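1. Return a 3D structure for these sequence lines:
(one chain, ligands or ions: 1)
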Amino acid sequence: MKGVLEGEESVTLDLLRHKMAEFAKERDWEQFHSPRNLLLALVGEVGELSEIFQWKGEVPKGLPDWGEEEKEHLGEELSDVLLYLVRLSDICGIDLGKAALRKIELNALKYPAGPCKCSSKKHKNNNNGKKNNDSEG
Ligand SMILES: [Mg+2]
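-> Numbering: from 1, shown residues only. The predicted model follows:
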């Protein structure tokens, strides 16, 4: 892992976006990076990430029983997911950082800390009558 980060003081979404665009351009892969293709690649990588946890049951935070090789593999698959997400957002003209910050604000309004504290259940009164199937989205 050392060497990859030399010269990089901090990793930002914008840095990753630039590096992914450069990577694709150098290989003339821009022609393949349509929103649909990138979405399908992202889903494939989520599958690869899921395989790492498949059949393990619940694992404790920090993964104390995992070996270095397994953790490195996990980091690679998490990165694949992030990089395709960053690339998909870029190709779609979405500023992912700003969109994510906005979504956190919207979630905070939807799930105020007081009524939602220590509960994984939906706070029905904050959904404006809309059905909600996800935990934070
Ligand atoms: Mg992968």
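2. for the host helix or strand of residue 107, packing partners?
-> Counting by DSSP states H and E, the element that carries residue 107 is helix 96-110. With contacts defined as 3 or more C-beta pairs under 8 Å, 6 or more residues apart in numbering; DSSP states H and E, the secondary structure elements packing on helix 96-110 are helix 13-26, helix 68-91. Bear in mind the C-beta positions are built from the backbone N, C-alpha and C, glycine included.
3. Out of the ones you listed, indicate the one that is most buried.
-> helix 68-91 (a mean of 16; mean count of other C-beta atoms under 10 Å).
4. Does anything pack onto that helix? Which helices or strands?
-> helix 13-26, helix 35-53, helix 96-110.
5. near the ion, which residues of this protein show up?
-> Counting by C-beta under 5 Å from the ion, the residues of the chain close to the ion are 45, 48, 77, 80.
6. Next, format those as TSV and append pLDDT.
-> What follows is those, written out as TSV (pLDDT from 0 to 100):
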residue	pLDDT
45	98
48	98
77	98
80	98
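7. Since that was my last question, I'll sign off now.
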